[in-house]
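**Student:** got a sequence here, can you model it:
(3 chains)
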Amino acid sequence: MNTMTLLRARLEKAGDASAPRCAPPWRAPLATFAIGLAACTLLPEHAGLLTRVFIMAMFVLSLDLAVGVAGLATLGHAALFGVGAYAAGIFALKVMPDPLVGLAIGVAAGALLAFASGAFLLRYQGFTFLMLTVAVAQIVLSLAQKARDWTGGDDGLSGFSVSPLLGRFAFDLEGRVAALYALAVLVVAFYMLRRLVDSPFGLAVRGIHENRARMAALGTPVYARLLVLYTVAGAVAGAAGALSAQTTAVVGLDSLSFALSAEALVMLILGGAGRLAGALVGATVFTLLHHTAASINPYHWLSVVGILLMLVVLVPPAKVWPWLRSRLGAKA
Amino acid sequence: MPISRRALASAALVATASFLTVANAQAQTIKVGIVGPFSGPFAHYGTLFKAGAEAYVASQGGKLAGKTVEFIYRDTGGPNPAQTKTLVQELIVKDKVDYLGGFVFTPNAMAVAPLIQQSQTPTVIFNAATSSITEKSEYFVRTSYTLWQVTVPVAQWAAKQGMKKVVTAVTDYGPGIDAEAAFKSEFAKQGGTVVESIRMPLTTTDFGPFVQRIRASGAQAVYAFLPGGPPNLGFVKAYNENGLAKAGIQFLGTAETDEFDLQKFGDAALGLTTAFHYSGAHDSPANKKFVAALKQRDPNAVANYASVGAWDGMYVIHKMIEATGGQRDGAKAIAAARALQWESPRGPVRIDPKTRHIVQNVYLRKVERVGEMLVNKEVQSFGPQADHGLDK
Amino acid sequence: MSTLANILIDGVAYGMVLFVIAVGLSVTLGLMRFVNLSHGAFAMVGGYCAALLTREAQWSFWGAVPVAILATALLGAVLEVLVLRHLYRRKELDQVLFTIGLSFLLIAGTNALVGPQVQLIPLPPVLAGSVDLGFRTLPAQRLLVIGAGLAVAAAAAWTVTRTRFGVWLRAAVDHAGTASALGIPIRTVQCVSFAAGAALAGFGGILGAELMPLEPYYALKYLVLVLVVVAVGGMGSIAGSLAAAVLLGVIETASKYLASDWGNLFFFLAMAALLAWRPNGLLKR
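**Tutor:** Numbering: from 1, shown residues only, chains lettered A, B, ... in the order given. Purely as a prediction, here's the structure:
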């Protein structure tokens, strides 16, 4: 009897409320696909905005894997997004403009950086780990700034274009093809992550999140599991970055910035960490709100987010739901 | 997750409401999208663009060529190419703008080149200064300046003054590197040497170390380029506080004594030499009219290269509207823009038909005190300069 | 050789500014295990108060600075008592998010009240001038910064080792439960420490206004630097913060002199190396 079966059996017996849901893994991704498709059809003039929403959703999904599932609080996730973006952009510029191959390159770049940095980072925990993720991200940013012959430095990487998807669908000015492309990749990634998180591997990682010492005592190779998970998270983030590069045809240093990492973390917390769907909700709500509010006044937007954050922390959702229930129950 | 579900519901409502608000475009309204920084440390550019553009329309009686002009302002923050591209895509596809204007940072302008080329939207650059921008799309027209344009004359002047050794200190991004290349090439042609080329990161706030390096280089002068706003202020302060003038190192600049920040330097700025295409103190009737119109529109607005860039940019758009009769015809508009020639607040100018860049006088100025205010007094005119960066 | 001297002088000055801002955060983190990411906002508030008092209200610099520091301390104390102490038992992520939200609010508020331009603090003539050291001319303000930093370090060390409050502080850091059982007023210690940390941050904001310009995003922009100093120096260690701040300040300045086109690569490389070598802080084992 190995660790996996032991864990699963114990959880099933205990009927633990935090046991993984038994919903079929294709349900949430399918719902996402339906909503996304409806949005693209009903709001064709906002294809650019929808594409941004899908890309951010994918990025926050990868962050949820690291933060929510594995408990690795990181403020350097943008580095994985950025290398995917730059890799895809440089590939389109110098090698070949095929989008799917570029996407694969972005995935590989993100995974590679995650593996390399994770090998170093995962030896540490807590606040030290957090600060080291910041350091790694800033180092990547400095290197990208220095290598301006490859990345364009502060001017950004531009001038590359992407050839038609699957040879047939050209990326149009309105951005419809880009939006559907991003949606498709998001749904596929969501499904794969859903399967991963519900698998025995995912359970082991959740266990590590809850109690690292106990899992180690059970014989789980903690470091190895976390490294694999971090690499997967890096792959998804790299894919999101590649999508961003291909759909906007420009990559700036802001894709590696600390601000992007922090923003993604805020989106994740607002939506709810640990359950993957929360990442999508948080990213969507935040991006849409940001778009509408920031065009009115960016500083007012900051105060809205600030208040929202403080509220979410002060009034834990876990207490609100029963309160709501009792109010509604009392009325009925 | 109740909070986020609530947030989702209300956000969906807000979002739907705003998206379903249809802007009813009248046939007589010309839409102009102005793209620039309206928040953050460079927010004054956006405010000045707004003041300059709206002052121009007001000075023409509120309408351009008989058509009402509707301005749509979009905030890019800082150098942020991806966001700028998304904003411009929205302006073109959703808001269906007829013309675009603005652009402070080179990367932002570069990023939108494919968009305006594909949609044939004439775009007037009010500020971005790298030479190669106008080559990226036929629909770019520039009413600002380029680094080569203002640097070549100052290199020639420095050589004429007998300077043999100069050190360059520029911000490490497109326009800065342009400035360094321009000065090096022209100064070498004139027989001088650039002893050191210092590049300062865009995010630098503490210029002390760089100023020390300048001092240690043994040069007779420092040629500097920095983006307007806090970096300018920081650099000039560091120059003064570290005693470079006393050490005999002459300051050669371009936009560093920008009228926007000039008063903050106090007496320390007196005597600083710059070469630039516009001074708020330029003595001409056209400039007086511009300054008056600007103050009437926004009493806090300063007459500087940003506001005059917007003013002249709107002049170009005005002529393009006239030429196309208010219809959307990008090719016709650009053809009309190529032939323009007029008296701007900065002096006589024209648009170069080949490069679509503005050809204008470049002046040598020294900072002087006139009454209570510090001004850039024009001491010499270098005559009309084209964009030398494209002659290479 | 003069380059080396330049690097040391400028580096130590920069490091001192970082130290003065970071020491409050380090003590708060070590003492109350409270991750306060609005610490940068305190530095900003202190700087803004001083700027507004000297420029708009025409106060003298020497009068405005203590008042600005006191105002920041007051703000810190009020926030601590009313809001922040309820978060001491919460998870780290909750504290991070709440204080980031607070920072956002303070940024937006600052912009609404004063506007987005950079705020300059007009210095009195004795500080605005330059001091000629022979091989270089140094802005007098830098000497003030180095002196003030050393004074703060000395005062903090003296408070912690020689006063009763210092004894209480150290006891509370080591084990709050036992300290409270022994009759030490833990709440007072926490509140006063927090207020003192905020005051020091405000002082650092004023000192550093030349190096780190005061504008609304200040609260978040330099937060990373401060966190780096705290992480490398070790939470709760004043000497560690000083060592980390000076070391990192010198490295950052050296890279500006010798390799400026690499940005702050060396700063973060040094930080990663130092943290990897001593994860619990430079002077702790």
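**Student:** the nearest residue to A:V101 once chain neighbours are set aside: how many residues sit nearby?
**Tutor:** Leaving aside its chain neighbours, A:V101 sits nearest to A:F91 (7.4 Å; criterion: CB to CB, 6 or more residues apart in numbering or on different chains). Bear in mind the C-beta positions are built from the backbone N, C-alpha and C, glycine included. For A:F91, the neighbour count with other CB atoms under 10 Å in any protein chain shown is 23.
**Student:** for A:F91, which residues are in contact?
**Tutor:** A:F91 makes contact with A:101-102, A:105 under the criterion CB atoms under 8 Å, 6 or more residues apart in numbering or on different chains.
**Student:** so can I have a markdown table of those showing distance to A:L270 and neighbour count?
**Tutor:** Output for those, formatted as a markdown table (distance: CB to CB, whole Å; neighbours: other CB atoms under 10 Å in any protein chain shown):
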| residue | distance to A:L270 | neighbour count |
| --- | --- | --- |
| A:V101 | 35 | 15 |
| A:G102 | 31 | 26 |
| A:I105 | 32 | 22 |
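**Student:** reformat these as CSV; add distance to A:L288.
**Tutor:** Shown next, in CSV, are those (distance: CB to CB, whole Å):
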residue, distance to A:L288
A:V101, 32
A:G102, 27
A:I105, 30
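**Student:** quick one: which of those residues is nearest to B:S39?
**Tutor:** Proximity of these to B:S39 (CB to CB) peaks at A:G102, which lies at 33.1 Å.
**Student:** now do the strands in chain A.
**Tutor:** Under the criterion DSSP state E, chain A contains strands at A:157-158, A:250-251.
**Student:** interface residues of the stretch 151-285 of chain C facing chain A?
**Tutor:** Proximity of the stretch 151-285 of chain C to chain A (CB under 8 Å from any CB of the partner chain) is limited to residues C:216, C:224, C:227-228, C:231, C:235, C:261-265, C:268-269, C:271-272, C:275-276, C:279-280.
**Student:** if we go to 10 Å?
**Tutor:** Within the stretch 151-285 of chain C, the positions near chain A by CB under 10 Å from any CB of the partner chain are C:216-217, C:220-221, C:223-224, C:227-228, C:230-232, C:235, C:255, C:259, C:261-276, C:278-281.
**Student:** pretty sure B:L364 is in a helix, no?
**Tutor:** No - B:L364 is assigned strand when assessed by DSSP: H, G, I helix; E, B strand; the rest coil, not a helix.
**Student:** can you give me the strands for the stretch 251-392 of chain B?
**Tutor:** Assigned by DSSP state E, counting those that start in this stretch, the stretch 251-392 of chain B shows strands spanning B:273-276, B:341-344, B:347-351, B:358-370, B:373-385.
**Student:** A:R194 is nearest to which of the ones you listed?
**Tutor:** strand B:358-370 (56.9 Å).
**Student:** what pairs with that closest one, parallel or antiparallel?
**Tutor:** In the sheet, strand B:358-370 lines up against strand B:273-276 (antiparallel), strand B:347-351 (antiparallel), strand B:373-385 (antiparallel) (DSSP bridges).
**Student:** and which of the contacts of A:F91 is nearest to chain C?
**Tutor:** A:I105 (24.7 Å; CB to the nearest CB).
**Student:** return the distance of the closest residue in space to that closest one that isn't next to it in sequence relative to chain B.
**Tutor:** Among residues not flanking A:I105 along the chain, A:F91 sits closest, at 4.7 Å (CB to CB, 6+ apart). A:F91 sits 18 Å away from chain B, taking CB to the nearest CB, to the nearest Å as the criterion.
**Student:** buried subset of the residues of the stretch 151-285 of chain C next to chain A, written for PyMOL?
**Tutor:** The following PyMOL line selects those of these that are buried, judged by 16 or more other CB atoms under 10 Å in any protein chain shown:
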select buried, chain C and resi 216+217+220+221+223+224+227+228+230+231+232+235+255+262+263+264+265+266+267+268+269+270+271+272+274+275+278+279+281
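**Student:** Serialize the strands of chain A to JSON lines and add fields for mean pLDDT and mean neighbour count.
**Tutor:** Below are those laid out as JSON lines (pLDDT from 0 to 100; neighbours: other CB atoms under 10 Å in any protein chain shown):
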{"stretch": "strand A:157-158", "mean pLDDT": "84", "mean neighbour count": "27"}
{"stretch": "strand A:250-251", "mean pLDDT": "88", "mean neighbour count": "31"}
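**Student:** of all these, which one is nearest A:A39?
**Tutor:** strand A:250-251 (23.9 Å).
**Student:** what are the contacting residues of the closest one?
**Tutor:** Strand A:250-251 is touched from outside by A:82, A:84-90, A:92-93, A:144, A:151-152, A:156-160, A:241-242, A:244-245, B:81-86, B:107-108, B:110-114, with contacts defined as CB atoms under 10 Å, 6 or more residues apart in numbering or on different chains.
**Student:** could you rerun that using 6 Å?
**Tutor:** Outside strand A:250-251, the residues that touch it by CB atoms under 6 Å, 6 or more residues apart in numbering or on different chains are A:85-86, A:89, A:156-158, A:245, B:81-82, B:85, B:111.
**Student:** can you give the strand pairings for it, parallel or anti for each?
**Tutor:** strand A:157-158 (antiparallel).
**Student:** output the below-cut-off pLDDT ranges for chain B.
**Tutor:** Scanning chain B for pLDDT under 70 picks out B:1-27, B:391-392.
**Student:** name the residue closest to the centre of it, please.
**Tutor:** Centroid-nearest residue in chain B: B:N127, 2.1 Å away (criterion: CA atoms, centre = their mean).
**Student:** these two touch, right, that one and B:A310?
**Tutor:** No - in this structure, B:N127 is not within contact of B:A310 by CB atoms under 6 Å, at 8.5 Å.
**Student:** quick revisit: make CSV out of the strands of the stretch 251-392 of chain B and add mean neighbour count.
**Tutor:** Output for the strands of the stretch 251-392 of chain B, formatted as CSV (neighbours: other CB atoms under 10 Å in any protein chain shown):
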stretch, mean neighbour count
strand B:273-276, 23
strand B:341-344, 14
strand B:347-351, 19
strand B:358-370, 19
strand B:373-385, 16
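**Student:** could you list every residue that touches A:L157?
**Tutor:** Counting by CB under 6 Å, 6+ apart, A:L157 has contacts A:89, A:151, A:251.
**Student:** with adjacent residues omitted, what lies nearest to it?
**Tutor:** Leaving aside its sequence neighbours, A:L157 sits nearest to A:V251 (CB to CB, 6+ apart; 4.3 Å).
**Student:** same check on A:L280?
**Tutor:** Spatial nearest neighbour of A:L280, excluding adjacent residues (CB to CB, 6+ apart): A:A57 at 4.8 Å.
**Student:** was I right to think the one you found contacts A:V281?
**Tutor:** No - applying CB under 6 Å as the test, A:A57 and A:V281 come out as separate, 8.8 Å apart.
**Student:** between these two, which one's more packed in?
**Tutor:** Taking other CB under 10 Å, A:A57 and A:V281 do not tie; A:A57 has more neighbours (27 against 23).
**Student:** tell me the contacts of that one?
**Tutor:** The neighbours of A:A57, taking CB under 6 Å, 6+ apart as the test, are A:186, A:280, A:283.
**Student:** look at the first one and say how many residues are nearby.
**Tutor:** Put plainly, it is A:L186. 26.
**Student:** so it makes contact with A:F54?
**Tutor:** Yes - A:L186 lies in contact with A:F54 (CB under 6 Å); the separation is 4.9 Å.
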